[in-house]
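In: Starting from these lines, generate the structure:
(one chain, ligands or ions: 1)
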Amino acid sequence: VSYPSIVGEMLASGFGIIGFSWICSPACTELEVVVMDWLAKFLNLPEHFLHETEGPGGGVIQGSASEAVLVAVLAAREQAVRRERECHPELSESEIRGKLIAYSSDQSNSCIEKAGVLAAMPIKLLPAGEDLVLRGATLSEAIERDVAAGLIPVICIATLGTTGTCAYDDIESLAGICERRQVWLHVDAAYAGGAFALDECAQLRRGLDRVDSLNFNLHKFMLVNFDCSAMWLRDANKVVDSFNVDRIYLKHKYEGQTQLPDFRHWQIPLGRRFRALKVWITFRTLGAEGLRAHMRKHIDLAAQFEALVKADERFELVAPRALGLVCFRAKGDNEITAQLLQRL
Ligand code: PLP
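Out: You can find the predicted model right below:
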């Protein structure tokens with residue numbers, strides 16, 4: 001967390017904005033559009049994710065990675081149901097819904113499985129490789145098997161920076177399979193996403209031009225306090241079409257004239273906090289270079305810590321160091337590590 005972000009949070013609380021539509025607070029919507037494009041440029045994301053680029057892509061601030069994943073899962077589900085109803089008019093909607101299936105890796109965060117529970121759609125946790133990476137071949141096998149059994153694949157949620165070891169799923173090979181099978185590909189980069197901003201981490205961005213949506217938490221690596229989870233969609237219309245429920249009291253006279261998104265259709269709640277303010281103040285105060293320097297410092301500290309672990313014969317590494325994460329254990333019985341963890 002940083003002081004600029006805390007100031008932004010206090011101001012947002014003080015203003016008491018509940019920005020569920022543009023008219024409630026034009027600044028709340030418009031600043032979010034601005035900072036989401038700044039962030040996309042900062043992270044070197046493909047241009048189709050920017051609001052300023054002609055086309056249906058754009059970014060939104062969700063409260064948490066869990067919400068971002070749930071939004072992707074629900075939107076992908078609704079798109080799949082519509083597609084199947086068109087292709088198979090002989091099937092009832094409930095028959096289609098009963099056949100839906102989604103995929104992730106056994107290394108993915110608990111929120112992925114939870115999204116499946118909330119969306120009433122089973123998410124198969126596929127075995128990651130020895131290096132804890134999920135690859136296209138594993139996804140392809142699972143999809144072939146499920147399609148043969150009459151199921152309908154909907155979405156694959158890949159992770160860049162798994163919670164356990166900060167492993168990176170192979171987005172390019174997963175994208176190849178998803179494109180062939182019309183499966184939505186979402187990337188959960190909750191922790192590692194900030195590193196997209198670093199030239200030395202450019203390889204982490206491989207394949208992002210082929211994903212349908214992604215999320216990353218500014219409240220993890222970017223000095224912005226909880227809650228602040230950035231989410232980008234290649235085609236936001238797919239989310240808006242899935243979630244758009246209007247009422248007379250939500251209408252206003254400038255509707256359709258502003259060219260600005262109504263973010264209430266991009267999220268689960270109706271009301272919205274002015275989260276963009278803390279992102280804006282953090283960026284304006286620390287600057288892109290200041291934020292990069294902060295992330296590099298974390299990475300350097302991890303390298304220093306790794307050197308200490310390697311130099312100490314009581315400990316060993318259990319996974320390659322990745323960004324700010326060093327996974328280590330005490331040599332010998334696992335109980336020693338369990339006790340050390342308790343003491344820490
Ligand atoms: N995804 C990953 C990879 C995570 O590491 C975490 C949290 O540790 C989450 C999702 C959940 O984040 P949130 O608390 O924002 O829902």
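In: just the strands in the stretch 101-250 of the chain please.
Out: 123-126, 152-159, 184-188, 213-217, 229-233 (DSSP state E, counting those that start in this stretch).
In: Can you lay out the ones you listed as CSV showing mean pLDDT, distance to the ligand and mean neighbour count?
Out: For every residue, glycine as well, the C-beta is placed using N, CA and C. What follows is the strands of the stretch 101-250 of the chain, written out as CSV (pLDDT from 0 to 100; distance: least, Cβ to the nearest ligand atom, whole Å; neighbours: other Cβ atoms under 10 Å):
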stretch, mean pLDDT, distance to the ligand, mean neighbour count
strand 123-126, 98, 14, 19
strand 152-159, 98, 5, 28
strand 184-188, 98, 5, 27
strand 213-217, 97, 5, 27
strand 229-233, 98, 5, 27
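In: Quick check: which of these is nearest to residue 317?
Out: strand 152-159 (20.5 Å; Cβ to Cβ).
In: Centre of the chain to that closest one, how far?
Out: In terms of Cα atoms, centre = their mean, to the nearest Å, the centre of strand 152-159 is found 13 Å from the chain centre.
In: before we move on, the earlier item: would you format the strands of the stretch 101-250 of the chain as JSON lines with distance to residue 241 included?
Out: Output for these, formatted as JSON lines (distance: least, Cβ to Cβ, whole Å):
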{"stretch": "strand 123-126", "distance to residue 241": "23"}
{"stretch": "strand 152-159", "distance to residue 241": "16"}
{"stretch": "strand 184-188", "distance to residue 241": "14"}
{"stretch": "strand 213-217", "distance to residue 241": "14"}
{"stretch": "strand 229-233", "distance to residue 241": "12"}
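In: Among those strands, which comes closest to residue 266?
Out: strand 229-233 (7.6 Å).
In: Pull up the pairing partners for the closest one, direction included.
Out: On the basis of DSSP bridges, the sheet neighbours of strand 229-233 come out as strand 58-62 (antiparallel), strand 213-217 (antiparallel).
In: Let's have those strands in JSON lines, adding distance to residue 134.
Out: Listed next are the strands paired with strand 229-233 as JSON lines, based on distance: least, Cβ to Cβ, whole Å:
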{"stretch": "strand 58-62", "distance to residue 134": "23"}
{"stretch": "strand 213-217", "distance to residue 134": "15"}
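In: Correct me if wrong: residue 190 contacts residue 217.
Out: Yes: with contact defined as Cβ atoms under 8 Å, residue 190 reaches residue 217; the gap is 4.6 Å.
In: tell me, what's touching these two both at once?
Out: 65, 229 (Cβ atoms under 8 Å, 6 or more residues apart in numbering).
In: who in the protein is up against the ligand?
Out: Within the chain, the positions near the ligand by Cβ under 6 Å from any ligand atom are 64-66, 109, 111, 159, 161-163, 188, 190-191, 217, 229.
In: Narrow those residues to just the buried residues.
Out: Burial by neighbour count, judged by 16 or more other Cβ atoms under 10 Å, picks out 64-66, 109, 111, 159, 161-163, 188, 190-191, 217, 229 from the residues of the chain next to the ligand.
In: Return the closest of those with respect to residue 50.
Out: residue 229 (18.1 Å).
In: who's the closest one bridged to?
Out: residue 62, residue 217.
In: I'm done for today, thanks for sticking with me.
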